[in-house]
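Undergrad: Sharing a model that was predicted from the sequence below.
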Amino acid sequence: MIGAMALLGSAVGLVLFAVRDTLVYFYSPTEVAQKHLPPDRNFRIGGLVEEGSLVRHPDGTNIDFAVTDLQTRIMVRYTGLLPDLFREGKGVVAEGKLDSDGKFIASSVLAKHDENYMPPEVADALKKSGQWVEGEPTHYDPPREKE
Amino acid sequence: MWRFANPAIFYDLAAKASPWAAGISLLLLGLGAYLGLFLSPPDYYQGEIMRIMYVHVPAAWMAMFCYGAMAISSGSGLIWNHPLAYVAAKATAPIGLVFTAIALVTGSIWGKPTWGTWWSWDARMTSVLILLFMYLGYIALWNAIEEPVRAAKTTAILALVGAVNLPIIKFSVDWWNTLHQPASLMRADAPAIHASMLVPLLLMALGFTAFYVWLLLLRMRGEILARRVRGLRLARVQAGQN
């Protein structure tokens, strides 16, 4: 019986190992550049909203911004309402597809929160003393390179 | 130690211990909720909505803790063939199920205003949903097999196999890109959470744990009584036949 259990356990482990790559929730801009994904494929990209890249078009619904992993950037076009916590320098996950110019046309945009919790005064103090810059890599782990 | 594993002795001990567990859990939960809702500051970025963490995180921890407890008692049951171990595993399952449901629902309520979606199929959320189904399957299997000894052994194997999901849940946020943020507390570095929020969170977590102990003792006493009733009924039937 213990043998059967060990077998079942290792089967689950092997299955998980096999689907490791397909379990990827989003790709980083660098991975997108390396993988040459076809233009009609739907996928998600994740990274930081590049500082100063956000452009709201006068028509009120079209939004352009760049997603960066601090190595590569991808321009994103989105039409719709952004989540409240969407900010420049903060994490974001966008779902959509690449158009022929390599611009990412997003059908949905989610704000990705990080693991830091602190009171507003502490965040201000840390920023003032220069120990922490909002949206810097100390604060956000860029997705690791896939082997 | 085996002396306490005697069902009759355990039954009396549990009766003495459960008011203590109840008192401690209510005290800690009250204190933690007061600190968390009134005295602790809002988050610099998420604002007030982060207070849902004081329920969400302990519920998620307990969801995993209960499954771990269930798997360990199932394993002890199989190895030492002790009925009380199976009683503990069986009594834990519905409690863990409810903790898992609380974690999923509060996470969803938190996710809509922060991420912008109620649900997304990332590795963390999917693996916790699987945990919910593991609990449901375990409970269903207990109810599907009539003969108690066989039910105890079969469900124990299911619980042990399902335990492979626990490290997957814990490390899903490190192994894969997920929408869910990585661990703030149980990680290699110092906690990424300010002390003013950490204290209520830990109080709530201890309160949840004491609450689990309280419910576990109540449910185990109920199960021991149910078994005694079953034994007496069987004895009466046999006596009637002879």
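TA: On my side now, so go ahead.
Undergrad: list the contacts for residue 5?
TA: In the absence of a named chain, chain A is used. Listed by CB atoms under 8 Å, 6 or more residues apart in numbering or on different chains, the contact set of A:M5 reads B:I157, B:L160, B:V161. Quick note: C-beta positions are derived from backbone N, CA and C, even for glycine.
Undergrad: actually it's chain B I care about, not the one you picked
TA: B:H82, B:L84.
Undergrad: how much space between it and chain A?
TA: Distance of B:A5 to chain A, computed by CB to the nearest CB, to the nearest Å: 22 Å.
Undergrad: Just want the residue of chain B that's nearest chain A.
TA: Nearest residue of chain B to chain A: B:G116, at 3.0 Å (CB to the nearest CB).
Undergrad: Just read off the phi/psi values of that residue.
TA: Note on B:G116: its backbone torsions stand at phi 100, psi 10 [degrees, to the nearest 10].
Undergrad: Count the neighbours of it for me.
TA: 20 (other CB atoms under 10 Å in any protein chain shown).
Undergrad: what do you get for B:A14?
TA: With other CB under 10 Å as criterion, B:A14 counts 19.
Undergrad: show me the contacts for the nearest residue to it once chain neighbours are set aside.
TA: If the residues on either side of it in the chain are set aside, B:A14 comes closest to B:L217, at 4.3 Å by CB to CB, 6 or more residues apart in numbering or on different chains. Contacts for B:L217 (CB under 8 Å, 6+ apart) come out as B:A14, B:A17, B:S18, B:A21.
Undergrad: any idea which helix is longest in chain B?
TA: When chain B is scanned for its longest helix (criterion: DSSP state H), the result is helix B:195-241.
Undergrad: again with chain A
TA: Longest helix in chain A, counting by DSSP H: helix A:2-18.
Undergrad: could you check whether whichever helix or strand comes after that one is close to chain B?
TA: The element immediately downstream of helix A:2-18 (helix or strand, assigned by DSSP states H and E) is helix A:29-35. No - under the criterion of CB under 8 Å from any CB of the partner chain, chain B is not reached by helix A:29-35; the shortest gap measures 9.2 Å.
Undergrad: pLDDT of the next helix or strand after helix A:29-35, averaged?
TA: Following helix A:29-35 in sequence order, the next helix or strand is strand A:43-49 (DSSP H and E). The average pLDDT within strand A:43-49 is 89.
Undergrad: What strand or helix carries A:G96?
TA: strand A:91-98.
Undergrad: in that strand, what's buried?
TA: Neighbour-count burial for strand A:91-98, counted by 16 or more other CB atoms under 10 Å in any protein chain shown, picks out A:G91, A:V92, A:V93, A:A94, A:E95, A:G96, A:L98.
Undergrad: Not counting its neighbours along the chain, what's nearest the second one?
TA: Okay, so that is A:V92. A:V49 (5.1 Å).
Undergrad: I'd like to know how many residues surround that neighbour.
TA: 25.
Undergrad: gap between it and chain B?
TA: 13 Å.
Undergrad: So what pairs up with that residue in the strands?
TA: Bridge pairing for A:V49 (DSSP bridges) gives the partners A:V67.
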